[in-house]
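Asks: fold the following for me, if possible:
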Amino acid sequence: MRRDHAQRDDYQAWLWGEVLLIGLLGAVLALFVAHPSLRSSYQLPQAHLVMDTTVMLAAAIVGVLAGIRFSVDGRRLDLLLCGGFSALAASMLVFSIIPALGGGTPPRTLSWAGIGGRVFAWVLIAAAPFARRRSSTRGRALGEMTIGVALVLALIWGIAVKAGTSLPALYGGDGKDQPLLLTGALSVRALLSLVAMVGFGLRFRARGNDLDRWLCLGATLALFAELNYVFTPAVSSEYVSQGDFLRLLSYGVLLVGVWRAIRHAEFGRAVAEERARVAREIHDGLAQYLFAVSTHAAMLENGADPKKTLAQLKEAAAAAQQEARFAVLALSSAGGSAPFDAALRRYVDFLTADGCLEVELEIQDGIRLAPDEQIEVFRIVQEGLANARKHAHARRAEVRIEERAGERFVTVVDDGSGFDEQEIAAGQGLKNMRARAASIGGGFRLVSTPGRGTAVEVVLRA
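Replies: Predicted coordinates:
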């Protein structure tokens, strides 16, 4: 309930800000319409080309980021955004920027193809907030969207070429008149921007997603950019007007919003991975001992010998208690609430308290381990020492964590009975150690000889 209240307050604060922005932009637009002398256009061909290039790059980046989000989450919203902004970037590059590099006004057919491409792009963007489902075939869907965008843009260019000189000129010499077809195309783009603004606003009210807020803001700026184009007849492609500045600002806002969404997705994925890791630690360690406790308790209920079973139950409970301590130490060290070296030394103290195994632990001063490395190294050392004590019956072991020649090494060496690597290499404990080393990008090497002990070495990632 508290979260819903906070979300509602956040929406109301955003809504008032959106209303204020619309009011200010609407008032300025009304002022320009009522007083045409205030509408200013500046003959800056190089600045116009730079602004088009900047908008094209921003649209391309937004398209790529939306595609990345789709590949992670599979939302069709992101697929449509990817297609829409990719179409915008492609149409601007092919139909506007490249022709303008040679100087002068681009051919009429290319200019009209560019307008058609942008209308198509905004159709996809306006449809995005109303997409509800996820896609299970993400790679295939991205490929189909890419091919579809390319085919539609090629079709638009083909239609423009076929129409040829029957298309009206885009630019009037005096800047007072504008072709009706151009006004209609700009009005359609403004309408699509309005649909996108409303759609993303409704999504933000329903879900409280930060990305929807930024997309709505960008669509609002794009709406008034298009309206400025409608009421400001184009003189030439070399001129810069108020609509160009609003368009540039809208794409900057969209870029910021999608980037924030990507960062949020990475954080959410990191949280999910951390939860999975904690679950694995509980399953691999504590859960096994608790299962043994439960088994022996059931044996007592079924009439097993109390003297023998109680001893086993006590031993399993003590092991579970010790494993719980080890898990807390390992997880706290990975979370940063306890220094890794202190946690590992305390573990060694627990392990050697009964005097059955002597362990020499050496951690080089200044060596640094990432949080994900800490927990896996802790478990690798734990597995190695447990094997030395339980299976190899070692009396002495050495654990070293050091840096040599720019590489970090973790070694566990014991003087136990050793084993034949060809026969024991497939054991579950060794598989776990290999898997843990691989999960942090490290290399794993084991050397063991019957009667001469065992050495485990992990080379951590650079």
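Asks: the strands in this protein, which residues?
Replies: Remark: strands assigned in the chain by DSSP state E are 42-43, 239-240, 358-363, 396-404, 407-414, 443-448, 454-459.
Asks: relative to residue 109, which of those is closest?
Replies: strand 239-240 (20.8 Å; CB to CB). Where C-beta positions appear, they are placed from N, C-alpha and C, glycine not excepted.
Asks: I'd like the average pLDDT over the closest one.
Replies: Confidence for strand 239-240, expressed as mean pLDDT, is 64.
Asks: same question, stretch 351-358
Replies: Stretch 351-358 comes out at a mean pLDDT of 80.
Asks: can you show me the CA trace of it as PDB?
Replies: The C-alpha atoms that make up stretch 351-358 are tabulated as PDB, following Å, rounded to 0.1, in the frame of the first residue of the first chain:
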ATOM      1  CA  LEU A 351      37.800 -26.000  10.700                       C
ATOM      2  CA  THR A 352      41.000 -26.600  12.700                       C
ATOM      3  CA  ALA A 353      39.600 -26.200  16.100                       C
ATOM      4  CA  ASP A 354      39.700 -29.900  16.900                       C
ATOM      5  CA  GLY A 355      43.400 -30.200  15.900                       C
ATOM      6  CA  CYS A 356      42.700 -32.800  13.200                       C
ATOM      7  CA  LEU A 357      44.100 -30.600  10.400                       C
ATOM      8  CA  GLU A 358      46.700 -27.800  10.400                       C
END
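Asks: buried ones in that stretch?
Replies: Of the residues in stretch 351-358, 351, 352, 357 count as buried by neighbour count, 16 or more other CB atoms under 10 Å.
Asks: could I get those as a markdown table with distance to residue 110?
Replies: Output for those, formatted as a markdown table (distance: CB to CB, whole Å):
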| residue | distance to residue 110 |
| --- | --- |
| 351 | 75 |
| 352 | 79 |
| 357 | 79 |
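Asks: mind listing what residue 300 touches?
Replies: Applying CB atoms under 8 Å, 6 or more residues apart in numbering, one finds that residue 300 lies in contact with 306, 309, 310, 313.
Asks: please, a PyMOL command that selects the buried ones among those residues?
Replies: Those of the contacts of residue 300 that count as buried under 16+ other CB under 10 Å are selected in PyMOL with:
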select buried, resi 309+313
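Asks: mind giving me the domain ranges of the protein?
Replies: 2-272, 339-462 (automatic domain parsing).
Asks: that older thread, between the buried residues of stretch 351-358, which is closest to residue 202?
Replies: Residue 202 has its nearest neighbour among those in residue 351, at 59.2 Å by CB to CB.
Asks: and the domains of the chain: which comes nearest residue 297?
Replies: domain 339-462 (23.7 Å).
Asks: hmm, back to that, just the ones of the contacts of residue 300 in helices?
Replies: 306, 309, 310, 313 (DSSP state H).
Asks: so what's the nearest residue to the last one once chain neighbours are set aside scoring on pLDDT?
Replies: Once flanking residues are discounted, residue 313 sits nearest to residue 296: 4.0 Å by CB to CB, 6 or more residues apart in numbering. According to the model's per-residue confidence, residue 296 sits at a pLDDT of 71.
Asks: residues near residue 296, how many?
Replies: Neighbour count for residue 296, taken as other CB atoms under 10 Å: 20.
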